[in-house]
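Peer 1: Build me a model:
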Amino acid sequence: MQLNHSHGNLPDKEDKLAFDIGMDSHNFYPLSYDEVKAIMKAKNWVPPFGDREV
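Peer 2: So this is what the prediction gives:
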């Protein structure tokens with residue numbers, strides 16, 4: 001999901017499932033779905049409440 005405009009000001013944190021997808025943050029080149037998928041897959045996100053039993 002894309003939200004707001006950060007214009008290169010969104011920090012890229014490995015533990016967050018977010019990053020600046022804007023063209024101004026990627027040498028004015030649009031990222032493909034596969035590029036976005038690879039970036040997101042490399043994140044070390046951990047659910048904030050750990051594993052929960054349902």
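
Peer 1: Check the gap between N44 and L10 for me.
Peer 2: Going from N44 to L10 by C-beta to C-beta, to the nearest Å gives 17 Å. From N, CA and C alone the C-beta is placed, and that goes for glycine too.

Peer 1: of the two, who's got more company?
Peer 2: L10 (17 against 8; other C-beta atoms under 10 Å).

Peer 1: Not counting sequence-adjacent ones, nearest residue to the more buried one?
Peer 2: Closest residue to L10 apart from its sequence neighbours, by C-beta to C-beta, 6 or more residues apart in numbering: D20 at 4.2 Å.

Peer 1: Count the neighbours of that neighbour for me.
Peer 2: Around D20 there are 16 other residues, counting by other C-beta under 10 Å.

Peer 1: wait, what's in contact with I39?
Peer 2: Neighbour list for I39: F19, L31 [criterion: C-beta atoms under 8 Å, 6 or more residues apart in numbering].

Peer 1: Tell me how far it lies from P47.
Peer 2: Distance, I39 to P47, by C-beta to C-beta: 19 Å.

Peer 1: where in the chain is pLDDT low?
Peer 2: Scanning the chain for pLDDT under 70 picks out 1-6, 52, 54.

Peer 1: swap the cut-off to 80 and go again
Peer 2: 1-11, 48, 50-54 (pLDDT under 80).

Peer 1: Would you check that M40 makes contact with L17?
Peer 2: Yes. Between M40 and L17 there is a contact at 6.5 Å, judged by C-beta atoms under 8 Å.

Peer 1: These two: who's more crowded?
Peer 2: Remark: of M40 and L17, M40 carries more neighbours, 12 against 9, as counted by other C-beta under 10 Å.

Peer 1: got a list of what that one touches?
Peer 2: When contacts are counted by C-beta under 8 Å, 6+ apart, M40 touches L17, F19.

Peer 1: Now do the buried residues in the helix or strand hosting it.
Peer 2: Secondary-structure assignment from DSSP states H and E places M40 in helix 33-41. For helix 33-41, a neighbour-count test (16 or more other C-beta atoms under 10 Å) marks nothing as buried.

Peer 1: Right, I'll leave it there.
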